[in-house]
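Enquirer: I would like to see how this sequence folds:
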Amino acid sequence: MNDLAPGDTILLNDNPAEVIKTYSVGNLEYLRAYIEDIGVKTVCIDDVDIEPKHDQLSALDPATANQLHPDHETVSAEWFDLRSQALQLQIAHEQGQLLSISNSLVRLEPYQLACVNWVMQKLRQRALIADDVGLGKTIEAGLILKELTARNRADRVLFVVPAHLQTKWIRDMDRFFDISLTPADRQWVEGERRRLGEEANIWDQDHQQIVTSMAFLRQEEFREELDEAFWDVVVVDEAHKAAKRGESPSKSSKMVERVADNSDSLLLLSATPHDGKGEAFRSLIEYIDPFLVAEDQDLSKEAADRVMMRRGKQTIYDDDGERIFPNREVGTISVEMTQEERQFYQAVTDYVKHVYNRSEQLNEPAVGFAMALMQKRLVSSIGAIQATLSRRLGNLVDQQSTTTNLSEEASAYLEGEDLDEQDQQNAEEELAGLTITESDAQLEEEIETLRDLVTLAEGIPVDSKAQKVRRYIQQLLEEQPNEKVLLFTEYRDTLDYILDLVKDEPWADEILVIHGGVDTEDRARIEDEFNHGQSRLLFATDAASEGIDLQHSCHIMVNYELPWNPNRLEQRIGRLHRYGQEKEVKVWNFSFEDTRESEVFEMLQDKVESIRGQLGNTADVLGMVDDINVDSLIMESIRNDEPASATKEELEELIDERQQTLSNWYERSLVDTSTFDQESREKIQEVMDQSEDVYGSEADIREFFERGIAALGGDVEKAGTNLYRAALPTELRRSAIDEPYGPFTFNREFAMDHDDIEYIAPDTELVQELMQCVIDGDQGSVGLKMLPFVDDPGITYNYRVRFEDGTGEVIREEILPVFVDAAHKDPQERLGQRVVDGDSTKGSPDEEPIRVLLENESDMRLSADRYISQRVESRRDELRKRRKEEIEQELEDLEAYAASERERIETFITEYERKAEAGTDMDIAIRGQRNRLSKLEDRIEQRKKELQLKVQVISVAPEIENFCLTLSI
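Expert: Okay, the predicted model is just below:
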């Protein structure tokens, strides 16, 4: 027992262990040790087998020095290199570089990587990413998630997205980042509750990466479970929809605040983070950091800049100083109605007004909503309004028009829930059939009116707008046969109407179609055909307004009608006006002349384009109008027989008021976009170059893979340009059947162009398994190299150096090679790196230098240890200085927040106490404010404790991972 000292490494019953202490109990001697993969145990020494665990270098006998050479299995140079590479790959993600550059199958732009780097350099990965539409917020979120995954900080992941975008997020995360998201819907909830039991919290599970919609997650049944769940990463798309507005926060804002508070990393994504009023934007900042700004303090530019990344299309430049996004031209093509169309338009509008007014009088808002839908379809197409009128007539005749038995979809749609297109279409069709009458006579009267309207519609076989759109497409294809055209309409009925109209045109067989009923697989196939095939036309509903990219094949868009929401129009344009578009985007909006809707929306579109020209950011303008209820304004003008000019005037006043607020914010630079220019490119390029140095180039990964597979008994062979196949060794086979693995590639660009080819990247599962096999084995712990640039023989030690903060989070980890010569015992890090990187020559070295190295190894190691301790101190000082600066800023913000909030609450208490002295019963109010003050102090104290742990920089004892006997030639 006297031979065992604390810290000694031993084999305890053949298990690696470290001695903690030894002691006696009477005549029995005990050993307390930490046993690898088991933990701490105390055992009687007489009952176990204990052997000293020597490293392989210590086990080498100087007497056998004449037998050693670079190919000897005990000191194989090849295995030393392989193990060194595996070690480097294992810890590379902790060195502050960007793993996602080489591990993602997406064409990465420098400005996107700059955003990722900014987020990853922060003390906490919590940020509002507010880039313009089309800049790739989805890609940036995926890259950040890959970085967090590499750092073992993304076990529990929650995506909260609009319902109609869930499929897109699942597809993009899988296709670009090999991240599998599980949709958390009603079926998932019921399945998990059956699997785990009703008492289990299904939202609080390890190894869980799920995506769900705001509408689903905000249900009251999940509130208590979400309060108790914690997430490593939460990503909220279209975050502005959950911003706080008014006195009573919405269910969505309460839900997002809940999951934001219960998360480590948080990404809020929104192209329109503010609405021109300020309250909503401020709430998003508070979700990111609730301690950043006190309630009665103004939000400063410095505070916003600490948590928000914001770039516009107009502020991103290439290496030549040119904007990378081309301009766009938005124009209106007016269509004059025929006399029959004018009469029909007026007749339907009169009917809509009559039923809408009745719904208001009888307090049936659902019926009023149905009339708004009808008015929208009226200005879409004869096909859409005729189908709507016919369905409504059928419902009324069959007496299926009550508001008391609405489906779940229709009820959700009325409450403002976000539905995918197919569910939305079903809900609109159901709602469009609703009516409210006070007598059977009224019902019969409405039925007769509908019959008359359907007859009028049938008398207009093709509307003037459809004819004009057809002629436009015909002329364009004749004059510019190589162009492609993207046509959007809001309604499936209108889409079917157009397709029927052009079915005999010579170009009809070139039309591709996307609507809510087209599944994900077919949609991807159609997108690929339009981008790369011969088809020149894509006709789509708004199911295609998000989630597809057509900028490389098309720059011309036709809007068959204008959606009543300018944001929807911008999403459509964003399919073409995004990074990679090389031509000016031309958008043509077809609109009936002299209708209330056309006047209002032309004014709205002109206003949006005008303000965009002044501010340089489309998203800013769209944020201003996002929550303006244009539907209500138009329906009120119909109800009151007001001219379109009155609605336009009211709308202009609203927009002008918000524009002024927005301009003021720009003057304070609160929401101004940052510029990405040549200097920005150079900075991120430096990070990209450093990352490649850390992780290795494509050639480095290929070399490690080929050498590792071969060393374990497998084989890699070329199977074509950038293509390979492999006979995997037994340890790495994917199945019991011995079949070739592949085809695969090491080239990112090639993999992006070929969906069926496996991409071998640093974090590919097979590479990780290979890396672990190499590290877990004994080979490569000691190597021997003969190198031409080494003057004196020595030993190269590979040290693993690691720093953590007080929470246990790894701050930095790296492998530092140190060469020490036998003659002078001088440590050299740069030469050590050259030794690790160098390829040994073959041959048999002289016996004497090897014998000298083995005999003097202990002294050389002492020299290496002294050197590495100095490097650790230096690294630790750098990290402490940086951490100290970051934490001081956080503490400064925290103290300012706390002081302001204390003052505000104490002011309330003082006022209430004054009223109490005057005789008013204020006990409850005073207790409430004092309780609030107590909770504030608790929150502040908790945050301070977290920061005190974060400011600590703890050096974990450096470990020598492997050695290399280094000889000159």
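Enquirer: what about Q425, which SS state?
Expert: Three-state assignment for Q425 (DSSP: H, G, I helix; E, B strand; the rest coil): helix.
Enquirer: Distance check, it against S213.
Expert: 17 Å (C-beta to C-beta, to the nearest Å). Glycine gets a C-beta too; all of them are placed from N, C-alpha and C.
Enquirer: who has more neighbours, these two?
Expert: S213 (23 against 20; other C-beta atoms under 10 Å).
Enquirer: tell me the pLDDT at the closest residue to the more buried one other than its chain neighbours?
Expert: Nearest residue to S213 in three dimensions, chain neighbours excluded: A163, at 3.9 Å (C-beta to C-beta, 6 or more residues apart in numbering). You'll see A163 listed with a pLDDT of 81.
Enquirer: Can you report phi and psi for A163?
Expert: phi -60, psi -40 (degrees, to the nearest 10).
Enquirer: how close does it sit to E679?
Expert: Separation of A163 from E679 (C-beta to C-beta): 41 Å.
Enquirer: What strand or helix carries E286?
Expert: In the assignment (DSSP states H and E), E286 maps to helix 279-288.
Enquirer: residues in contact with that helix?
Expert: 126-128, 239-240, 243-246, 253, 256-257, 260, 266, 268, 270, 273-275, 292-293, 299, 303-304, 307-308, 670-671 (C-beta atoms under 8 Å, 6 or more residues apart in numbering).
Enquirer: From those residues, keep the buried residues only.
Expert: Among the contacts of helix 279-288, those scoring as buried are 126-128, 239-240, 243-244, 253, 256-257, 260, 266, 268, 270, 273-275, 292-293, 299, 303-304, 307-308, 670-671 (criterion: 16 or more other C-beta atoms under 10 Å).
Enquirer: A helix includes G517, no?
Expert: No: with three-state DSSP as the criterion, G517 is coil rather than part of a helix.
Enquirer: residues near it, how many?
Expert: 13.
Enquirer: Longest strand in this protein, please.
Expert: Using DSSP state E to define each element, the chain has its longest strand at strand 954-968.
Enquirer: Quick check: can you name the pairing partners of that strand and their directions?
Expert: strand 782-787 (parallel), strand 794-804 (antiparallel) (DSSP bridges).
Enquirer: Buried residues of that strand, list them for me.
Expert: P958, I960, E961, N962, F963, C964, L965, T966, L967.
Enquirer: I'd like the mean pLDDT over it, please.
Expert: The model assigns strand 954-968 a mean pLDDT of 92.
Enquirer: And stretch 126-138, by the same measure?
Expert: The model assigns stretch 126-138 a mean pLDDT of 87.
Enquirer: and the end-to-end length of that stretch?
Expert: 16 Å (C-alpha to C-alpha, to the nearest Å).
Enquirer: Report the buried residues of that stretch.
Expert: 126-138.
Enquirer: Would you map the strands across the stretch 1-150 of the chain?
Expert: 9-12, 15-25, 28-35, 39-44, 50-52, 126-129 (DSSP state E, counting those that start in this stretch).
Enquirer: what's the most buried one of these?
Expert: Mean neighbour count, computed with mean count of other C-beta atoms under 10 Å, is highest for strand 126-129 among those, reaching a mean of 23.
Enquirer: Can you tell me which helices and strands that one packs against?
Expert: On a contact count with 3 or more C-beta pairs under 8 Å, 6 or more residues apart in numbering; DSSP states H and E, strand 126-129 meets helix 110-121, helix 137-150, strand 263-269, helix 279-288, helix 301-307, strand 308-309.
Enquirer: Provide a list of residues in contact with the residue most central in space within the chain.
Expert: What sits nearest the mean C-alpha location of the chain, by C-alpha atoms, centre = their mean, is A141, with 2.3 Å. Residues near A141 by C-beta under 8 Å, 6+ apart: I129, V235, D237, L267, L269.
Enquirer: The closest residue to the third one other than its chain neighbours bridge partners, please.
Expert: Computed as C-beta to C-beta, 6+ apart, the closest residue to D237 that is not its neighbour in sequence is V161, at 4.1 Å. Here V161 sits in beta bridges with S213, going by DSSP bridges.
Enquirer: residue contacts, V161?
Expert: Applying C-beta under 8 Å, 6+ apart, one finds that V161 lies in contact with W169, V211, T212, S213, M214, V235, V236, D237, E238.
Enquirer: Among those residues, name the buried ones.
Expert: Here, 16+ other C-beta under 10 Å leaves W169, V211, T212, S213, M214, V235, V236, D237, E238 buried among the contacts of V161.
Enquirer: was I right about the third one contacting F159?
Expert: Meaning T212. Yes: counting by C-beta atoms under 8 Å, F159 is a contact partner of T212 at 7.3 Å.
Enquirer: what about dumping the CA coordinates of the one helix or strand V355 maps to to PDB?
Expert: Assigned by DSSP H and E, V355 belongs to helix 339-361. Extracted as PDB, the C-alpha positions of helix 339-361 are listed here (Å, rounded to 0.1, in the frame of the first residue of the first chain):
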ATOM      1  CA  GLN A 339     -69.900  46.200 -68.500                       C
ATOM      2  CA  GLU A 340     -71.100  42.700 -67.500                       C
ATOM      3  CA  GLU A 341     -68.100  42.300 -65.100                       C
ATOM      4  CA  ARG A 342     -68.800  45.800 -63.600                       C
ATOM      5  CA  GLN A 343     -72.400  44.900 -63.000                       C
ATOM      6  CA  PHE A 344     -71.400  41.600 -61.500                       C
ATOM      7  CA  TYR A 345     -68.800  43.200 -59.200                       C
ATOM      8  CA  GLN A 346     -71.400  45.700 -58.000                       C
ATOM      9  CA  ALA A 347     -74.000  43.100 -57.400                       C
ATOM     10  CA  VAL A 348     -71.700  40.900 -55.300                       C
ATOM     11  CA  THR A 349     -70.400  43.900 -53.400                       C
ATOM     12  CA  ASP A 350     -74.000  44.900 -52.600                       C
ATOM     13  CA  TYR A 351     -74.700  41.400 -51.400                       C
ATOM     14  CA  VAL A 352     -71.500  41.300 -49.300                       C
ATOM     15  CA  LYS A 353     -72.400  44.700 -47.700                       C
ATOM     16  CA  HIS A 354     -75.900  43.500 -46.900                       C
ATOM     17  CA  VAL A 355     -74.900  40.300 -45.200                       C
ATOM     18  CA  TYR A 356     -71.900  41.900 -43.500                       C
ATOM     19  CA  ASN A 357     -74.100  44.600 -41.900                       C
ATOM     20  CA  ARG A 358     -76.600  42.000 -40.800                       C
ATOM     21  CA  SER A 359     -73.700  40.000 -39.100                       C
ATOM     22  CA  GLU A 360     -72.600  43.200 -37.300                       C
ATOM     23  CA  GLN A 361     -76.100  43.900 -36.000                       C
END
